[in-house]
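In: Coordinates for the following, if possible.
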Amino acid sequence: MTIRKRLKAGTVALAAATVLVATAFTAPARASQDTRAAAAGHEATQRALSAAVAAGVPGVTAQARDADGVWSSTAGVGDLRTGAPRGKHDRFRVGTITNTFVATVLLQMEAEQRLRLDDTVERHLPGVVRGNGNDGRRITVRQLLNHTSGLFDYLADERYVATYITGEGFLRHRYDTVTPEQRLRVALSHEPPFQPGARHWFSHTNDILAALIVEKVAGGPYEDEVRERIIEPLGLKATSHPGEDAGLPRPSSRGYARLFPAEPDRVDDVTEMNGSQGWGDGDIISSAGDLNRFYRALVGGKLLPPRQLKAMLTTVDNPDFPGSAYGLGIERFTTSCGIPFWYHDGGMPGWITLAATTQDGGHQITVNYNSSWGAETVLPILEAEYC
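Out: Coordinates of the predicted model:
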């Protein structure tokens with residue numbers, strides 16, 4: 001999930017989610033014993049990384065890019081069993097940051113006049129969104145990308161979460177292949193919470209449909225489009241799609257989750273899981289450096305013509321997170337010191353990631369935790385870096 005989804009107690013809190021509440025800006029920055037020397041200008045950021053570890057996150061890796069160059073740092077451990085530290089070049093599951101990649105491809109296709117943002121879902125995926133009040137004839141591509149479609153989020157389905165995300169369900173099914181069609185059936189078994197266009201509400205169901213539209217327009221795998229249009233042109237050598245593979249490319253750390261609400265002190269190694277379970281809405285694997293390069297190129301106009309970039313950065317209010325606004329696969333927020341930034345965050349079991357950039361493309365930071373908890377400590381890192 002993302003910053004706009006509030007983690008609730010119990011199963012949802014253990015889902016593939018990050019929730020970074022606004023009150024996190026006021027969290028104290030406590031130093032830890034493993035604080036490392038930070039480059040000039042990033043001392044506060046380093047303290048915030050160490051504060052996250054002091055608060056219980058196993059390990060953090062981060063990279064910032066600004067006019068002074070590239071700063072990379074870590075805190076904590078990448079392996080609780082061996083005590084090996086986090087690596088500056090670790091690869092990890094980026095979760096719903098995948099959405100920005102998919103939105104970029106669809107906007108490139110619009111620039112090529114292969115689709116329109118106001119096309120209906122039905123036009124590209126006839127008959128796919130039907131039943132229980134769901135109607136693809138009333139939902140547009142734009143509404144999928146800015147999450148105003150009204151479609152139920154399959155990750156809000158308690159049975160799905162219990163089967164694939166938490167507890168014994170995750171441990172038993174972590175290596176299962178799960179198709180996008182299976183996840184869509186879960187979502188469409190529910191009535192839509194609201195009518196298309198009524199409001200913003202983040203639903204992973206939108207992202208699966210967006211990736212399916214990429215495939216329909218391209219006539220091939222969405223992964224190929226992302227690779228050929230974004231990964232290869234930008235030289236993102238640490239970025240890949242796992243397919244049905246369960247492991248992570250090296251270098252990487254272990255990922256951890258608290259899968260059992262009744263056992264809050266229990267921590268499970270959840271590094272391995274079938275990549276198909278995040279297909280289209282959370283499957284990309286990347287690094288802090290690659291994500292910074294991607295967002296720098298994106299807002300800098302290197303991936304989209306001006307018209308499509310303007311459409312991407314045209315927002316709707318996010319009522320679940322006052323002060324933030326969601327565009328097409330990207331979100332805007334303003335720090336306490338008045339600096340606006342564009343970002344996306346994402347989580348998978350064992351990982352929390354946030355990548356942010358100033359609108360002029362001059363300053364990026366990406367932060368990754370190798371845990372499914374501790375999200376409330378991410379925004380203080382951004383405050384430290386930008387303020």
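In: At which residues are the strands of the stretch 251-387 of the chain located?
Out: Counting by DSSP state E, counting those that start in this stretch, the stretch 251-387 of the chain has strands at residues 256-257, 268-269, 285-286, 316-317, 325-326, 331-334, 340-348, 351-357, 364-369.
In: now these in CSV, with mean neighbour count and mean pLDDT?
Out: C-betas here are computed from N, CA, C, even on glycine. Shown next, in CSV, are the strands of the stretch 251-387 of the chain (neighbours: other C-beta atoms under 10 Å; pLDDT from 0 to 100):
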stretch, mean neighbour count, mean pLDDT
strand 256-257, 25, 98
strand 268-269, 16, 98
strand 285-286, 24, 98
strand 316-317, 15, 96
strand 325-326, 22, 98
strand 331-334, 19, 96
strand 340-348, 25, 97
strand 351-357, 27, 98
strand 364-369, 28, 98
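In: Could I get the phi/psi values of Y222?
Out: Main-chain torsions, Y222, degrees, to the nearest 10: phi -60, psi -30.
In: on that earlier part again, mind putting the strands of the stretch 251-387 of the chain into CSV with distance to R116?
Out: Putting those into CSV (distance: least, C-beta to C-beta, whole Å) gives the following:
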stretch, distance to R116
strand 256-257, 40
strand 268-269, 45
strand 285-286, 30
strand 316-317, 18
strand 325-326, 20
strand 331-334, 23
strand 340-348, 24
strand 351-357, 27
strand 364-369, 31
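In: looking at the ones you listed, which is closest to Q308?
Out: Among the strands of the stretch 251-387 of the chain, strand 340-348 comes nearest to Q308, with 15.0 Å by C-beta to C-beta.
In: Tell me which strands the closest one pairs with, and in which orientation.
Out: Strand pairing for strand 340-348, using DSSP bridges, gives strand 331-334 (antiparallel), strand 351-357 (antiparallel).
In: These into a markdown table, with extra columns for distance to N206?
Out: Shown next, in a markdown table, are the strands paired with strand 340-348 (distance: least, C-beta to C-beta, whole Å):
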| stretch | distance to N206 |
| --- | --- |
| strand 331-334 | 14 |
| strand 351-357 | 19 |
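In: For P180, which of those strands is the nearest?
Out: Comparing the strands paired with strand 340-348 by their distance to P180 (C-beta to C-beta), the top pick is strand 351-357, with 20.8 Å.
In: Now do the closest one: distance to the chain's middle.
Out: 7 Å (C-alpha atoms, centre = their mean, to the nearest Å).
In: Just the residues contacting that strand, thanks.
Out: 3, 18, 20, 92-95, 97, 255, 288, 291-292, 294-296, 298-299, 341-347, 363-372, 374-375, 378, 382 (C-beta atoms under 8 Å, 6 or more residues apart in numbering).
In: residues contacting the closest residue to P221 other than its chain neighbours?
Out: What sits nearest to P221 in space, not counting adjacent residues and going by C-beta to C-beta, 6 or more residues apart in numbering, is E215, at 6.3 Å. Going by C-beta under 8 Å, 6+ apart, E215 touches P221, Y222, E225.
In: Could you tell me which of the residues you listed count as buried?
Out: For these, a burial check counting by 16 or more other C-beta atoms under 10 Å picks out Y222, E225.
In: could the contacts of E215 be laid out in a markdown table, adding distance to T45 and pLDDT?
Out: Formatted as a markdown table, the contacts of E215 follow (distance: C-beta to C-beta, whole Å; pLDDT from 0 to 100):
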| residue | distance to T45 | pLDDT |
| --- | --- | --- |
| P221 | 38 | 98 |
| Y222 | 34 | 98 |
| E225 | 35 | 98 |
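In: all strands of the stretch 51-200 of the chain, in order?
Out: For the stretch 51-200 of the chain, applying DSSP E, counting those that start in this stretch gives strands covering 59-66, 69-76, 92-93, 130-131, 134-135.
In: would JSON lines of these with mean neighbour count be doable?
Out: Formatted as JSON lines, the entries for those read as follows, by neighbours: other C-beta atoms under 10 Å:
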{"stretch": "strand 59-66", "mean neighbour count": "25"}
{"stretch": "strand 69-76", "mean neighbour count": "20"}
{"stretch": "strand 92-93", "mean neighbour count": "28"}
{"stretch": "strand 130-131", "mean neighbour count": "12"}
{"stretch": "strand 134-135", "mean neighbour count": "20"}
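In: In JSON lines: these, plus mean pLDDT and distance to L115.
Out: Compiled in JSON lines, the strands of the stretch 51-200 of the chain are given as follows (pLDDT from 0 to 100; distance: least, C-beta to C-beta, whole Å):
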{"stretch": "strand 59-66", "mean pLDDT": "98", "distance to L115": "32"}
{"stretch": "strand 69-76", "mean pLDDT": "98", "distance to L115": "36"}
{"stretch": "strand 92-93", "mean pLDDT": "98", "distance to L115": "28"}
{"stretch": "strand 130-131", "mean pLDDT": "97", "distance to L115": "21"}
{"stretch": "strand 134-135", "mean pLDDT": "98", "distance to L115": "19"}
